[in-house]
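Asks: The amino acid sequence is not available; the structure is as follows:
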């Protein structure tokens, strides 16, 4: 018996959908390409389809075993529900296939930037787990990742999942990642997501030394113009790279002729990490942060003058550090100091310190410690 779903449902599918998703997806995989013009001109429709796909949750083996059990009345639970909790093994496989076809048909069309953002934000946890052959997404993710910009940053999560979990072979991954290290990423609202992932895939001990050196040096150079709130993260991330790859500690002690931007052999614009001469350079930019006006930045930079610990620093506390948190740290430190001073000393200190609050736009340029 053919699936019967009114066309108005296909043009505006409710989320969540209470009927059979298998039937709905079977019809949608034909409806979308046949009505490509309607779909491409309607961003709301594109978003609705993505929301619908996000409602599908196909779990692991333990969930599938539970789903095959009968309910309290001795009848099988209805298969194909949107919450993914009642699929038999056979029907789950069918649903995975239909799910993949709908998603593939959507990706073939011209989608808005906002829709790509929505797809990429959850492709690793709401799309890939529902696919029986996740590697079919490789072309889509690699294409976006290779273009650069914000979408490339968002593509990292899905791409890393394919590489780590599904053994995608992408030799140019680190080269493309290196080119994403720009001042824009330090100001992006997805900075925390980016460095969380970067911390994971830069953790491998099999990465060539020239690759790690190039990444460390590029971040060091970016620190010269980076927003103050991103500097603790840059310092912690780079020091962790040196701890993991102890042979690169020499970059903290390279000759003096590599400690000035005019004589620095590093070539910032060179895209080939083997040719950028990072290994012949030093991380002198990070050492200049010992003179930074911000107390927290200064303290972290001072680690560079001492042997680094064997245990990595915990990066999690720095991923989402913002200006407001940094000024709170300054205030708490000042309060701790003042509590140990006498009344006359406190008055003298109050007249010698000037604090300007961080602006609400997140920039740190208006904070001075005198």
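Replies: Done, it's in. In this text the structure is predicted, and so the values were computed from the model without any measurement.
Asks: so where's the longest helix in this protein?
Replies: With secondary structure taken from DSSP state H, the chain has its longest helix at helix 89-107.
Asks: Please identify the buried residues of that helix?
Replies: Along helix 89-107, these residues count as buried under the neighbour rule (16 or more other Cβ atoms under 10 Å): 91-92, 94-106. To be clear about C-beta, it is placed using only N, CA and C from the backbone, and glycine gets the same treatment.
Asks: what does stretch 298-317 give?
Replies: Using 16+ other Cβ under 10 Å as the test for burial, stretch 298-317 gives 299, 300, 301, 303, 304, 308, 312, 313, 315.
Asks: Flag the shaky bits of the chain, pLDDT-wise.
Replies: Residue ranges of the chain with pLDDT under 70: 1-4, 59-87, 255-259, 328-331, 333-335, 337-370.
Asks: and it, what are its domains?
Replies: Domains of the chain are assigned by automatic domain parsing as 1-59+80-139+154-159, 171-321, 329-370.
Asks: How far off centre is the second one?
Replies: I take that to be domain 171-321. Here the centre of domain 171-321 is set off from its chain's centre by 17 Å, with Cα atoms, centre = their mean, to the nearest Å.
Asks: Can you point out the buried residues in the following helix or strand past the longest helix of the chain?
Replies: Past helix 89-107, further along toward the C-terminus, the next helix or strand under DSSP states H and E is helix 113-121. By 16+ other Cβ under 10 Å, the buried positions in helix 113-121 come out as 115, 116, 118, 119, 120, 121.
Asks: Can you lay out those as JSON lines showing distance to residue 144?
Replies: Below are those laid out as JSON lines (distance: Cβ to Cβ, whole Å):
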{"residue": "115", "distance to residue 144": "12"}
{"residue": "116", "distance to residue 144": "7"}
{"residue": "118", "distance to residue 144": "13"}
{"residue": "119", "distance to residue 144": "9"}
{"residue": "120", "distance to residue 144": "7"}
{"residue": "121", "distance to residue 144": "13"}
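Asks: Counting by contacts, list what the helix or strand hosting residue 299 packs against.
Replies: In this structure, residue 299 sits in helix 295-301 according to DSSP H and E. Helices and strands touching helix 295-301, by 3 or more Cβ pairs under 8 Å, 6 or more residues apart in numbering; DSSP states H and E, are helix 231-244, helix 323-338.
Asks: in the first one, what's buried?
Replies: The one in question is helix 231-244. By 16+ other Cβ under 10 Å, the buried positions in helix 231-244 come out as 231-243.
Asks: closest one to residue 146 among the domains of the chain?
Replies: Smallest distance to residue 146 across the domains of the chain (Cβ to Cβ): 5.8 Å, for domain 171-321.
Asks: mind checking the end-to-end distance for the closest one?
Replies: Distance between the boundary residues of domain 171-321 (Cα to Cα, to the nearest Å) amounts to 33 Å.
Asks: try stretch 39-48
Replies: Its start and end residues considered, stretch 39-48 measures 11 Å (Cα to Cα).
Asks: The chain should start at 77 in everything you say after this.
Replies: Sure thing, new numbering starts at 77, so read that last one as stretch 115-124.
Asks: for the nearest residue to residue 195 once chain neighbours are set aside, helix, strand, or coil?
Replies: Among residues not flanking residue 195 along the chain, residue 126 sits closest, at 6.1 Å (Cβ to Cβ, 6 or more residues apart in numbering). Secondary structure of residue 126, reduced to three states by DSSP: H, G, I helix; E, B strand; the rest coil: helix.
Asks: follow-up on the earlier one: can you tell me which of the buried residues of stretch 374-393 lies nearest to residue 81?
Replies: residue 391 (48.4 Å).
Asks: Am I right that the closest one is in contact with residue 271?
Replies: Yes: at 7.2 Å, residue 391 counts as touching residue 271 under the criterion of Cβ atoms under 8 Å.
Asks: Identify the contacts common to these two.
Replies: Common neighbours of residue 391 and residue 271, using Cβ atoms under 8 Å, 6 or more residues apart in numbering, are 309, 313.
Asks: what's residue 216 in contact with, if anything?
Replies: residue 183.
Asks: Swap in 10 Å and give it another go.
Replies: 179, 180, 183, 192, 195, 196, 199, 231, 234, 235 (Cβ atoms under 10 Å, 6 or more residues apart in numbering).
Asks: roughly how far apart are residue 329 and residue 92?
Replies: 60 Å (Cβ to Cβ, to the nearest Å).
Asks: higher neighbour count, those two?
Replies: Using other Cβ atoms under 10 Å, the more surrounded residue of residue 329 and residue 92 is residue 92, with 14 against 9.
Asks: Let me see the residues that make contact with stretch 182-194.
Replies: With Cβ under 10 Å, 6+ apart as the test, stretch 182-194 has contacts from 104-105, 108-109, 111-113, 115-123, 125-127, 129-130, 195, 212-213, 215-216, 220, 226-227, 230-231, 266.
Asks: Sort out which of the residues you listed are in helices and list them.
Replies: Secondary structure of the contacts of stretch 182-194 is defined by DSSP H; positions in helices are 104-105, 108-109, 112-113, 115-116, 119-123, 125-127, 129-130, 195, 215-216, 220, 226-227, 230-231.
Asks: buried subset of those residues?
Replies: Using 16+ other Cβ under 10 Å, the buried ones in these are 104-105, 108, 115, 121-123, 125-126, 129-130, 195, 216, 220, 226-227, 230-231.
Asks: about what we covered before: correct me, but the residue nearest to residue 195 touches residue 89?
Replies: No: if you go by Cβ atoms under 10 Å, residue 126 and residue 89 don't touch, sitting 11.1 Å apart.
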